[in-house]
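Got a predicted structure here, sequence first:
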Amino acid sequence: MGKRFEERYKTGDTPWDHGTPDINLIDMVIQRPISKCKVLDIGCGTGNNAIWLAQQHFMVTGCDISQTAIEKAKKKASMSNINCSFIVADFLNNGVPGSPFGFVFDRGCLHSVDTDEERRRFAENVASHLEEGGLWLTLAGNADEQVREIGPPQLTARELVTAVEPYCEVISLAASHFGSNQSNPPQAWVCLMRKRKGIQ
Ligand SMILES: C[S@@+](CC[C@H](N)C(=O)[O-])C[C@H]1O[C@@H](n2cnc3c(N)ncnc32)[C@H](O)[C@@H]1O
């Protein structure tokens, strides 16, 4: 999977990257609100969401399997004079320094994971990076929409919940759309979770 994403960042084939933070993240952070804390953005891409979070005074680490994406994220942050840590990491197989985090965010990373077992492992790894009671917001493609010619991988609500429920309580699961500059953006799940008590 890493090579696939690396190639796409190198050739600019990144339709999900519209250069701005996702509206679903902004709404959640502002309306819930999410208190200032250490944040991990998994599969942060070129850093649009991580940089926005840092601008809101969160202490942000972004990780991505693609070295090119991380180089772009570092460049963007430095050009805007934003303090963010960006590291290359395969989150399915590695930990990320800085735990525990109060808030984990991923836009399109969990949904890029192919199998039930790998998604369960991803969720277990998220929980191991969260502090007790820490929150995880995932934005994932929604399988209630017809598959598009060019569009995100899609999960059913059942696939999403099956992966996360052993490790997290689902606080809210809503059908929405990805933040996008397209006139007809892809449907998304917006799922907010809290790490279960007693999970390491
Ligand atoms: C759909 S893109 C979204 C990127 C970014 N979150 C955004 O909103 O622009 C999914 C991202 O997850 C990254 N990714 C996929 N599998 C990963 C893994 N196992 N560990 C870390 N990052 C991964 C990809 O390189 C890619 O940047």
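Here it is on my side, so go on. None of these values were measured; they are calculated from a predicted model.

Now do the strands in this protein.
Along the chain, the stretches classed as strands by DSSP state E are 38-42, 59-64, 85-88, 101-107, 130-141, 168-177, 187-195.

Out of those, which gets nearest to the ligand?
strand 101-107 (3.7 Å; C-beta to the nearest ligand atom). C-beta: built from backbone N, CA, C; applies to glycine.

related to what we said a few turns ago, export the strands of the chain to JSON lines and append columns for mean neighbour count and distance to R148.
Listed next are these as JSON lines, based on neighbours: other C-beta atoms under 10 Å; distance: least, C-beta to C-beta, whole Å:
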{"stretch": "strand 38-42", "mean neighbour count": "26", "distance to R148": "24"}
{"stretch": "strand 59-64", "mean neighbour count": "26", "distance to R148": "24"}
{"stretch": "strand 85-88", "mean neighbour count": "18", "distance to R148": "29"}
{"stretch": "strand 101-107", "mean neighbour count": "24", "distance to R148": "17"}
{"stretch": "strand 130-141", "mean neighbour count": "22", "distance to R148": "9"}
{"stretch": "strand 168-177", "mean neighbour count": "15", "distance to R148": "12"}
{"stretch": "strand 187-195", "mean neighbour count": "22", "distance to R148": "10"}
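
Output the ones you listed in JSON lines, with distance to the ligand appended to each entry.
Shown next, in JSON lines, are those (distance: least, C-beta to the nearest ligand atom, whole Å):
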{"stretch": "strand 38-42", "distance to the ligand": "6"}
{"stretch": "strand 59-64", "distance to the ligand": "5"}
{"stretch": "strand 85-88", "distance to the ligand": "8"}
{"stretch": "strand 101-107", "distance to the ligand": "4"}
{"stretch": "strand 130-141", "distance to the ligand": "8"}
{"stretch": "strand 168-177", "distance to the ligand": "14"}
{"stretch": "strand 187-195", "distance to the ligand": "11"}
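
Verify the contact between V88 and Q67 for me.
Yes: taking C-beta atoms under 8 Å as the definition, V88 is a contact partner of Q67 at 5.1 Å.

partners of I42 in the sheet?
Judged by DSSP bridges, the bridge partners of I42 are C63.

Contacts for stretch 192-199 next, please.
28, 32, 127, 130-138, 164, 166-173 (C-beta atoms under 8 Å, 6 or more residues apart in numbering).
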